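# my questions are about this predicted structure, shown below with the sequence.
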Amino acid sequence: MKIFRQTFRAMAAEHEIQLAAPDIDRARRAADAAIADVMRIEAKYSRYRDDSVTSRINGAAGGEEVAIDAETAALLRYADECYGLSGGLFDITSGVLRRVWDFRRDPPVLPTPAELASAVALVGWREVEWTAKAIRLPRAGMQIDFGGIGKEYAADRVATICLEHGMRHGLVNLGGDIRAIGPQADGTPWRVGIRHPRVQDAAVAGFDLAAGALATSGDYERYFEIAGQRYCHILNPKTGMPVRYWQSVSVVSPLCVVAGSCATIAMLLEADAPAFLESQGVQWLGIEADGSLRRP
Amino acid sequence: MVSAEAAVAVTKDQSAIGPLLAAALALPGVMPSAAHAQSAPDKGIFEAQYLNYRDWQPGRNRMTVWAPAFYALVPLSDTWVVEGGMVYDSMSGASPLYFNVLSGASIGDYRTAGDVKVTKYVGNTAVSLGGFVSSEQDFLSRGGSLNVQFFSEDRNRTWLLGVAGNNDRINATNGVAPNSKRNSLEFVVGITQALSPNDIVQSNLTYYTGHGYYSDPYKPLDTRPTTRETWAWLTRYNHYFVDADATLKLGYRLLLDSFGSTSNMFEAAWAQALPWGFTVTPGLRFYTQTSADFYMNPPFPRGFVEGQDYSADTRLASFGAITAGMIVGKTLWDGWYVSLRADYYRQDPDWQIFGTGSPGIQTFSARWLQLNITKNF
């Protein structure tokens, strides 16, 4: 068994594919095919590209419907499922709230109630008209984005592509979203650490992962503080305000896309997260606002 | 770097599939299809094959076959797939597997056969319609088939129900039994189950019923029943060994024939992946059968009774046989794959394990060489 490692950049993050295989050329071919697919997904769904599916849909908001393919329809169907199961908190039209929350601004400024209200008014997955063939955002200014599921979906597809190339040992890390392709070369599970939400480069816990995926959603990725209060990038689509209850939630599931959306929904559900996570049959680890660990 | 303040082991028996996981499984490409049962292929295949067959018995060469064959599978859309094949056999030499040939006449014969199958995938079901024709100088066979496959939600299980009909017309060049016919129907029920990402098992039960001319017009006094029924039960099991990067393939088939013969077949093969895209698959097969009720041991025509069924065809005798083979394959660039297969077959009455072998018949040997070039596109 030889170890093959490839790091690459896409979707504004650093990624790594690690494979162990008897044939290093085969591992390289698997990784090449997988990376090509990540690039394909980025090009197709990035909201920063004018020619992406996302930009075309958003550009037509308030106007004509936009034709979509089967993959996009499948992602919308999944997003719709997340919306329903989260009581409307996981909403792929909530990206518009970023207009009033600028986490890079220095010094940071809170949005005014009027600004918040106008942004919240543009959120609403329920109003979106969509079928398996087309989608239409009913009002100008509305937006969708696949930021909440695209990277995790890509991680699952990377694992599939590697498996289909005969890989049986490996780990995919797409910007902190982890999917195991199989155990380590010696058969032991991967030890995956959970980042400490307040201490850079420290781990608070570890998961053993031989198969399946681990994703974490936290309040430390983008945030600012005003008067000792942390305002993070995970925004409640109904109020437009950042969530508060958890520092981070990590979820283990067979699929990365499920782990990722469960972790995000848990952050959004705040105190109601444990019951939701139980209903999804996933393993999880939450870190509460005071830093204490919470598990099922 | 892991402080291990908390460590949660991920056990295999995770709780039931949650609603989100069930929804996510509908996303394309998030789970490998390899561990799954068949769904509509999205890639085409073109295959060209060249087979060389030769058999012999002690002291003489018997027959040689050269057979080029072609096969193609083309997805027409997400749900329509068409596939078809052609084979052209050219045989020369003595009539095969025939003990105590009286005529001594050599045969030079050609066979052309082709089949085509169209499959439509609808949700969890696939329906295939197939047609088949095979033509020789003295034999014409035409058939059709209808297969329905049902895939489970998780694609880990496939049920197969099939029916096939065949119409054969025999016009022996020696004028025996002119314009004879044979009609048959075949029913199959099968299941394929992925037990884990590394284990798959398949089991099929096939019932065949036919009536018409089953005798061999080139063998003197050969008279066989005009109806035939067989039951065949075939089970295959594949296990992938992760650390060895190899697959063990096991198979067993039991066949009960209304002619009176029962056969058992056991096979095992080891497909080993090697560096640089090579695969080596050594295999071994053991076959044993009891004789048909109307088979008579040599010398010809001992046991012949006017008006009763009679055959001296050693294919109906009691014997055992071993096939040892090896396939060496190499994956090339851009979807090309080449393989060379060599098989050696030896049949011996002493190798019959469920009873005694037929006395007085000679051993029989054969070998195959098969070159295969495949392109996936």
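Done, it's in.

# next one, pLDDT for B:Lys120 please.
On the pLDDT scale, B:Lys120 is placed at 90.

# so where does it fall, helix or strand?
Element membership of B:Lys120, judged by DSSP states H and E, is strand B:107-122.

# immediately after that strand, which helix or strand?
On the C-terminal side of strand B:107-122, the closest following helix or strand by DSSP H and E is strand B:125-136.

# average pLDDT across that next one?
Taken as a whole, strand B:125-136 has a mean pLDDT of 91.

# and that strand with strand B:107-122, angle?
170 degrees (axes from the mean of the first three to the mean of the last three CA atoms, to 10 degrees).

# quick one: contacts of strand B:125-136?
Residues outside strand B:125-136 that contact it (CB atoms under 8 Å, 6 or more residues apart in numbering or on different chains) are B:38-40, B:109-120, B:140-151, B:164, B:166. Bear in mind the C-beta positions are built from the backbone N, C-alpha and C, glycine included.

# please apply the same query to stretch B:113-121.
If you take CB under 8 Å, 6+ apart as the criterion, stretch B:113-121 is touched by B:39-40, B:78-87, B:89, B:126-135, B:141, B:145.

# still on that earlier bit, weed out the non-buried ones from the contacts of strand B:125-136.
Neighbour counting by 16 or more other CB atoms under 10 Å in any protein chain shown classes B:109, B:111, B:113, B:115, B:117, B:119, B:141, B:143, B:145, B:147, B:149, B:151, B:164, B:166 among the contacts of strand B:125-136 as buried.

# so the fourth one bridges to which residues?
Counting by DSSP bridges, B:Asp115 forms beta bridges with B:Gly85, B:Phe132.

# report pLDDT for the closest residue to A:Gly148 other than its chain neighbours.
Of all residues not flanking A:Gly148 in the chain, A:Thr264 sits nearest, at 5.7 Å (CB to CB, 6 or more residues apart in numbering or on different chains). In the predicted model, A:Thr264 carries a pLDDT score of 95.

# hang on, A:Thr264 in a helix?
Yes: assessed by DSSP: H, G, I helix; E, B strand; the rest coil, A:Thr264 belongs to a helix.

# for it, give its distance to A:Glu152.
In this structure, A:Thr264 and A:Glu152 are 9 Å apart, going by CB to CB, to the nearest Å.

# kindly report the same for B:Gly114.
48 Å.

# over to B:Ile361?
Per CB to CB, B:Ile361 is found 67 Å from A:Glu152.

# higher neighbour count, these two?
Between B:Ile361 and A:Glu152, counting by other CB atoms under 10 Å in any protein chain shown, A:Glu152 is the more crowded of the two (28 against 20).

# can you report how many residues neighbour residue 32?
Reading this off chain A. Residues contacting A:Asp32 under the criterion other CB under 10 Å number 14.

# wait, I meant chain B there
The number of residues near B:Pro32, taken as other CB under 10 Å, comes to 16.

# quick one: which helix or strand includes it?
Secondary structure (DSSP H and E) places B:Pro32 outside all helices and strands.

# I'd like to know which helix or strand in chain B has the lowest mean pLDDT.
Each helix and strand of chain B was given a mean pLDDT (mean pLDDT, DSSP states H and E); the minimum falls on strand B:7-9 at a mean of 34.

# chain center to stretch A:256-272: distance?
Mean C-alpha position of stretch A:256-272 versus that of the full chain (CA atoms, centre = their mean, to the nearest Å) differs by 10 Å.

# next, the buried residues of it.
Residues of stretch A:256-272 classed as buried: A:256-269 (neighbour count, 16+ other CB under 10 Å).

# my guess is B:Tyr240 meets B:Ser196, correct?
No: using CB atoms under 8 Å, B:Tyr240 is not in contact with B:Ser196; the gap is 9.1 Å.

# quick one, which of these two is more surrounded?
More crowded of B:Tyr240 and B:Ser196, by other CB under 10 Å: B:Tyr240, with 20 against 11.

# at the geometric centre of the chain, which residue sits there?
Unless you meant another one, I'm taking chain A. Nearest to the mean C-alpha position of chain A, by CA atoms, centre = their mean, lies A:Gly148 at 3.9 Å.

# my question was about chain B
Central residue of chain B (CA atoms, centre = their mean): B:Leu234, at 10.4 Å.

# what's the helix or strand that contains that residue in contact with?
Secondary structure from DSSP H and E places B:Leu234 in strand B:227-241. By CB under 8 Å, 6+ apart, the surrounding residues in contact with strand B:227-241 are A:168, B:184, B:197-211, B:214, B:246-259.

# now what about stretch B:289-307, what contacts it?
Applying CB under 8 Å, 6+ apart, the contact partners of stretch B:289-307 are B:99-100, B:102, B:220-221, B:223-225, B:257, B:259-264, B:308-313, B:316-320, B:352, B:354-355, B:358-361.

# just the helices in chain A please.
A:24-45, A:53-59, A:70-85, A:113-120, A:150-164, A:256-269, A:273-279 (DSSP state H).

# ranking the ones you listed by burial, who's on top?
Most buried of these by mean neighbour count (mean count of other CB atoms under 10 Å in any protein chain shown) is helix A:256-269; its value is a mean of 29.

# check what pLDDT B:Gly335 gets.
B:Gly335 carries a pLDDT score of 79 in this model.

# no wait, A:Val199
83.

# what about it, distance to chain B?
A:Val199 sits 10 Å away from chain B when distances are taken as CB to the nearest CB, to the nearest Å.

# of the buried residues of stretch A:256-272, closest to A:Asp69?
Within the buried residues of stretch A:256-272, proximity to A:Asp69 (CB to CB) peaks at A:Val257, which comes in at 18.0 Å.

# right, and A:Pro296 touches A:Glu278 too?
Yes: taking contacts as CB under 8 Å, A:Pro296 lies within contact range of A:Glu278: 6.4 Å.

# residue in the stretch 251-377 of chain B nearest to chain A?
B:Pro275 (4.6 Å; CB to the nearest CB).

# give me every residue that touches that residue.
B:Pro275 neighbours (CB under 8 Å, 6+ apart): A:22-23, A:25.

# ok, now B:Leu160?
Applying CB under 8 Å, 6+ apart, the residues contacting B:Leu160 are B:147-150, B:188-192, B:204.

# right, is stretch B:265-272 up against chain A?
No: Stretch B:265-272 does not reach chain A (CB under 8 Å from any CB of the partner chain); its nearest approach is 10.2 Å.

# could you give the mean pLDDT of that stretch?
Stretch B:265-272 shows a mean pLDDT of 95.

# quick check: buried residues in it?
B:265, B:267, B:269, B:271.

# show me the contact partners of whichever helix or strand the third one is part of.
Mapping B:Ala269 onto the secondary structure by DSSP H and E places it in strand B:262-273. Residues from elsewhere that reach strand B:262-273, judged by CB under 8 Å, 6+ apart: A:22-23, A:166, B:244-257, B:279-290, B:353-354.

# swap in 6 Å and give it another go.
B:245-256, B:279-290 (CB atoms under 6 Å, 6 or more residues apart in numbering or on different chains).

# got the residues of chain A near chain B?
A:22-23, A:71, A:74, A:78, A:81, A:85, A:156-157, A:160, A:163-164, A:168, A:191, A:193, A:203-209, A:252, A:255, A:257-258, A:280-281, A:293 (CB under 6 Å from any CB of the partner chain).

# burial count for A:Ala215?
27.

# what is residue 205 paired to in the beta sheet?
If you meant another chain, say so; for now it's chain A. Counting by DSSP bridges, A:Ala205 forms beta bridges with A:Ile194.

# that was the other one, I meant chain B.
Bridge pairing for B:Leu205 - DSSP bridges - gives B:Val189, B:Trp233.
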